[in-house]
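[1] structure of the sequence below:
(one chain, ligands or ions: 1)
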Amino acid sequence: IDLSADLFGQTLTSPLLNASGVHCQTKEELNDLANTSNLGAMVTKSATLQAREGNPNPRYYDLENGSINSMGLPNLGYDFYLDYVLQEQTKPTILSVAALSAADAITLLKDLQASDYQGPTELNLSCPNIVGEPQLAYDFEATDRVLNEVFSFYTKPLGVKLPPYFDLVHFDKIAAVLNKYPLTHVNTINSIGNGLWVDIDQEQVVTKAKGGFGGLGGTMVLPTALANVRALRQRLNDSIKVLGTGGVTSGEDVFAHILCGADLVSVGTQVMKEGLGVYDRLAEELKAIMAEKGYQTLADFRGKLKEL
Ligand SMILES: CC(C)(C)CCc1c(C(=O)O)[nH]c(=O)[nH]c1=O
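    Now for the predicted structure:
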């Protein structure tokens, strides 16, 4: 059984990655990822131009069927992560970047273009847009404008992290925009935005920022994640890889993401629940499923979800 996968020309021994934001903010956490078996590649916490404290605690809360977070983009700053990927990385690494404005995104990517970094980068499109407008990725014209400007100067490998979409026309619209650009990949999904959890005993929310509204992850988002992987795989040019993220807690979930078309699969919430040992378990469970079904490689079943 061969779990190997390709990350933009690099052969990975496993198709599994961490979801950006989970266990990837500090040098210690990044080194832990580099030393985690069955983690084929790793992603850094989305970096902003300046380091950020992020939101006050509580900002992450574990739920029976997943998680809710309003971290607020805490990160050590773009310079730290650029240095990490240039000087420290030992395992294939995707540099995740974000910005609190389209202008900042342009500034950051212009600097990255001028840097020695030649590796893969992922632009987090869940970043806020102009005040009064929805997040960038939910504003198709704004996304088109930003990507048009980015690709007028950026020539290195670049993908985007997408929030979930829930309307088939939205899948059509975002894919039509993304297909205009030489993207290496899309990573879908980011957390389901602005969920809310209620602590019945205390009769209050469970996270501090934004009145308790926060991004949802874990088991509860799996059907949405699978739909977004499938819909985007069906609509995007073959040259754009699909990284599936969202709701993975078992080898079966990894199998399902790949069956829907994912080239690689990231795990977030379950790492928070189980620790980095989850990758060994997922790899073993996936191999057992493949053996049971007579599949030797991921390509044997990738994207081959059948309709009725
Ligand atoms: C939500 C933003 C703060 C705009 C981006 C960073 C981010 C966060 C975060 O840092 O709060 N949490 C997520 O689940 N996904 C994200 O993309």
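[2] what helix or strand is residue 122 on?
    Assigned by DSSP states H and E, residue 122 belongs to strand 121-124.
[3] how far does that strand sit from its chain's centre?
    Centroid separation for strand 121-124 versus its chain: 9 Å, with Cα atoms, centre = their mean, to the nearest Å.
[4] for the stretch 51-200 of the chain, which segments are assigned as helices?
    Remark: helices assigned in the stretch 51-200 of the chain by DSSP state H, counting those that start in this stretch are 78-83, 102-114, 140-150, 168-178.
[5] reformat the ones you listed as TSV; add mean pLDDT, mean neighbour count and distance to the ligand.
    No exception for glycine: its C-beta is placed from N, CA and C like everyone else's. Putting those into TSV (pLDDT from 0 to 100; neighbours: other Cβ atoms under 10 Å; distance: least, Cβ to the nearest ligand atom, whole Å) gives the following:
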stretch	mean pLDDT	mean neighbour count	distance to the ligand
helix 78-83	98	19	14
helix 102-114	96	16	12
helix 140-150	97	17	14
helix 168-178	98	17	16
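[6] with distance to residue 55 added, can I get these in JSON lines?
    Output for these, formatted as JSON lines (distance: least, Cβ to Cβ, whole Å):
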{"stretch": "helix 78-83", "distance to residue 55": "19"}
{"stretch": "helix 102-114", "distance to residue 55": "18"}
{"stretch": "helix 140-150", "distance to residue 55": "24"}
{"stretch": "helix 168-178", "distance to residue 55": "27"}
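[7] which other residues reach the strand holding residue 122?
    20, 43, 46, 94-98, 105, 109, 112, 150, 156-161, 185, 187, 190 (Cβ atoms under 8 Å, 6 or more residues apart in numbering).
[8] number of residues surrounding the residue in the stretch 1-150 of the chain positioned nearest to the ligand?
    Relative to the ligand, the nearest point of the stretch 1-150 of the chain is residue 71 (3.4 Å; Cβ to the nearest ligand atom). Taking other Cβ atoms under 10 Å as the neighbour definition, residue 71 ends up with a count of 21.
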